[in-house]
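>>> Pasting the sequence and the predicted model now:
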Amino acid sequence: VSSASVFESVEESDDDDIVDHTNGDVSGPIAADILRKEPEHETFTRLITTTIEAVAPWEKEVISDPSAPKPNPNPFFYAPEGKSDHYFKMQDGVVHVYPNID
C-alpha cells in the first residue's frame, strides 16, 4: 500500500471509527487524525456560593436568662485614669516594676 493511498483513505473516511489502514483492524489513532482534530479547550465552572446566617444581624435575639451579662450600652466610652505611683527600672535588659520609688 503506498503512502498516497493511505492519506487518501484518511481524507475520504467520514466515519468516527479509528481504523488502521494497513490491514483494516481497529486500533489507536494515527498521526494524521490527531493533527487534524481541533484542540480541546479547558472549561472552568464558577462556583457561586452565598452564605446565609442562621439569624439575620438586624433581628435581635431575646435573652431571658437573668444571669446573662448585660451588653455595654457605650462600648467606646473612655474615662482617663490618673497616674499611678509605679516605678519602672531596667536592669540587664529586664524591666522591673515597683509599686513606688522607695
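Received the coordinates, thanks. Numbers count the residues shown, from 1 in each chain.
>>> Could you point out which residue ranges in this structure have low pLDDT?
1-29, 34 (pLDDT under 70).
>>> As a check, name the ranges of all helices in it.
For the chain, the helices defined by DSSP state H occupy 3-12, 31-36.
>>> Go through the shortest one and flag the buried ones.
Along helix 31-36, not one residue counts as buried under the neighbour rule (16 or more other C-beta atoms under 10 Å). Bear in mind the C-beta positions are built from the backbone N, C-alpha and C, glycine included.
>>> What is that helix packed up against?
Here helix 31-36 touches helix 3-12, going by 3 or more C-beta pairs under 8 Å, 6 or more residues apart in numbering; DSSP states H and E.
>>> One more pass at 6 Å, please.
With contacts defined as 3 or more C-beta pairs under 6 Å, 6 or more residues apart in numbering; DSSP states H and E, helix 31-36 has no helix or strand neighbours.
>>> export it as PDB, just CAs?
Extracted in PDB, the C-alpha atoms of helix 31-36 (Å, rounded to 0.1, in the frame of the first residue of the first chain):
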ATOM      1  CA  ALA A  31      -0.900  10.900  13.400                       C
ATOM      2  CA  ALA A  32      -3.000  12.500  10.600                       C
ATOM      3  CA  ASP A  33      -6.200  12.100  12.600                       C
ATOM      4  CA  ILE A  34      -4.600  13.500  15.800                       C
ATOM      5  CA  LEU A  35      -3.100  16.600  14.000                       C
ATOM      6  CA  ARG A  36      -6.300  17.300  12.000                       C
END
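>>> Geometric centre of the chain: which residue is closest?
L47 (10.6 Å; C-alpha atoms, centre = their mean).
>>> With just CA atoms, put stretch 71-85 into PDB.
Only the C-alpha atoms of stretch 71-85 are listed here, as PDB (Å, rounded to 0.1, in the frame of the first residue of the first chain):
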ATOM      1  CA  PRO A  71     -24.400  44.400  76.900                       C
ATOM      2  CA  ASN A  72     -22.400  47.500  77.300                       C
ATOM      3  CA  PRO A  73     -24.500  50.400  76.000                       C
ATOM      4  CA  ASN A  74     -21.500  52.600  75.200                       C
ATOM      5  CA  PRO A  75     -18.600  50.300  74.300                       C
ATOM      6  CA  PHE A  76     -16.300  53.100  73.100                       C
ATOM      7  CA  PHE A  77     -16.500  55.300  76.200                       C
ATOM      8  CA  TYR A  78     -13.100  56.200  77.600                       C
ATOM      9  CA  ALA A  79     -12.600  57.600  81.100                       C
ATOM     10  CA  PRO A  80      -9.000  58.800  81.700                       C
ATOM     11  CA  GLU A  81      -7.200  57.300  84.600                       C
ATOM     12  CA  GLY A  82      -4.800  59.100  87.000                       C
ATOM     13  CA  LYS A  83      -1.100  58.500  87.100                       C
ATOM     14  CA  SER A  84      -0.100  55.600  89.200                       C
ATOM     15  CA  ASP A  85       2.800  55.500  91.700                       C
END
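>>> Fine by me, thanks again.
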